[in-house]
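J.: return atomic coordinates for the entry below.
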Amino acid sequence: MPLTRDRIIGHDLERLAFRFTMMNDGEVVDCQISDAALDELAGMQGTESSARQAQFVSLRETVERIASDIYDEAPRFKGYVVRIFMRHLGR
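T.: Take a look at the predicted model:
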């Protein structure tokens with residue numbers, strides 16, 4: 001079953017990733033996409049931290065589809081975080 005849209009958390013400067021949540025049948029699923037993967041989807045490099053949210057919003061449907069596909073293939077356990085990296089973009 002595909003995940004559904006939930007909240008935007010924001011850019012995590014320590015992890016160099018953008019964090020967001022999605023829902024799976026009422027359960028919150030933590031998700032993140034690496035800065036490199038987000039830049040690759042946008043066709044750019046070195047996006048400033050302050051511009052990450054706008055970048056994410058513009059690519060949100062694509063990012064959420066990738067997150068949902070990864071979740072469908074992942075092992076199910078409490079606390080699992082969907083992490084999107086460059087290697088996931090060739091799907």
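
J.: can you give me the strands for this protein?
T.: 4-12, 17-24, 27-34, 82-84 (DSSP state E).

J.: what pairs with the last one, parallel or antiparallel?
T.: Pointing back at strand 82-84 there. strand 27-34 (parallel) (DSSP bridges).

J.: what residues are bridge-paired with V29?
T.: M22.

J.: now do it against E14, distance only.
T.: As judged by C-beta to C-beta, to the nearest Å, V29 and E14 stand 21 Å apart. All C-beta spots, glycine's among them, are computed from the backbone N, C-alpha and C.

J.: longest single helix anywhere in the protein?
T.: helix 52-73 (DSSP state H).

J.: and the angle for it with strand 17-24?
T.: Going by axes from the mean of the first three to the mean of the last three C-alpha atoms, to 10 degrees, helix 52-73 is angled at 50 degrees with respect to strand 17-24.

J.: just checking, what packs against helix 52-73?
T.: Secondary-structure packing of helix 52-73 (3 or more C-beta pairs under 8 Å, 6 or more residues apart in numbering; DSSP states H and E): strand 4-12, strand 17-24, strand 27-34, helix 35-42, strand 82-84.

J.: give the buried residues for it.
T.: Residues of helix 52-73 classed as buried by neighbour count (16 or more other C-beta atoms under 10 Å): 52, 55-56, 59, 63-64, 66-71.

J.: redo those as JSON lines? Include distance to F18.
T.: Formatted as JSON lines, the buried residues of helix 52-73 follow (distance: C-beta to C-beta, whole Å):
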{"residue": "R52", "distance to F18": "5"}
{"residue": "Q55", "distance to F18": "8"}
{"residue": "F56", "distance to F18": "5"}
{"residue": "L59", "distance to F18": "10"}
{"residue": "V63", "distance to F18": "8"}
{"residue": "E64", "distance to F18": "12"}
{"residue": "I66", "distance to F18": "13"}
{"residue": "A67", "distance to F18": "11"}
{"residue": "S68", "distance to F18": "16"}
{"residue": "D69", "distance to F18": "18"}
{"residue": "I70", "distance to F18": "15"}
{"residue": "Y71", "distance to F18": "17"}
